[in-house]
Structure formats: structure tokens, C-alpha cells
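Student: turn this into a model:
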Amino acid sequence: MNQGVIVQDGFASVRDGQYLRVTVLVAGASIPCDIGPLSGTDAEHFYHQHQFEIEEALEQWFADNEPPNDGPLTLSPQSILG
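Tutor: Have a look, this model is predicted:
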């Protein structure tokens, strides 16, 4: 686990419920991360079913990439689930 990356607990449903948003703290900066579009499931169900995978994928993404500075990071559900 990268100690410089903290995925905060909880989520918000955004973009008319098609995406879920989690907040990641990276080197003191708060970065919104949207996951979607979610089809066939709602944000709450996806978050609770895949919370661990979400955290692992985001920690790995931030270990390999620079934080975005032009808005939320957007990842597909497939990139979370592998």
C-alpha cells in the first residue's frame, strides 16, 4: 500500500447516478475520482460490493501516474475489476 495515497471512506452518486465518486488524498491534495458509467447496478451497490477493489485500483493508479489537475479522475468499472 502506498502510504501517500489515502482513499477516504464513503462515496457520492454523481452524473445522474451513472457514476460513483470517491475522494483520494494524495500528498495532501484532495482528488475526486469518478467510476463509471455504471450499467445494471447503482452506485451504492457497486461501492459496497467492490470497495476493496476500488481502493486497490486507485492506490495503484496514483502510484503509477501523476494526479490530474483538470478535474476529477475518471476510471471505468472494468479498470477497477480487472
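Student: strands of this structure, start to end?
Tutor: Assigned by DSSP state E, the strands in the chain fall at 5-7, 12-14, 19-26, 29-35, 73-75.
Student: ok, and which of the ones you listed has the densest surroundings?
Tutor: strand 19-26 (a mean of 20; mean count of other Cβ atoms under 10 Å). In short, each C-beta sits where N, CA and C put it, glycine included.
Student: so what secondary structure elements neighbour it?
Tutor: On a contact count with 3 or more Cβ pairs under 8 Å, 6 or more residues apart in numbering; DSSP states H and E, strand 19-26 meets strand 5-7, strand 12-14, strand 29-35, helix 43-64.
Student: the longest one vs strand 29-35, what angle?
Tutor: Relative orientation of helix 43-64 with respect to strand 29-35: 130 degrees, computed using axes from the mean of the first three to the mean of the last three Cα atoms, to 10 degrees.
Student: in stretch 66-78, which residues are buried?
Tutor: Within stretch 66-78, the residues that count as buried by 16 or more other Cβ atoms under 10 Å are Pro72, Leu73, Thr74, Leu75, Pro77.
Student: centroid-nearest residue for the chain?
Tutor: Here the mean C-alpha position of the chain is nearest to the C-alpha of Cys33 (Cα atoms, centre = their mean), at a distance of 4.3 Å.
Student: let me see the contact set for the closest residue to it other than its chain neighbours.
Tutor: Spatial nearest neighbour of Cys33, chain neighbours left out: Leu73 (4.5 Å); criterion: Cβ to Cβ, 6 or more residues apart in numbering. The neighbours of Leu73, taking Cβ atoms under 8 Å, 6 or more residues apart in numbering as the test, are Val24, Ile31, Pro32, Cys33, Asp34, Trp61, Pro67.
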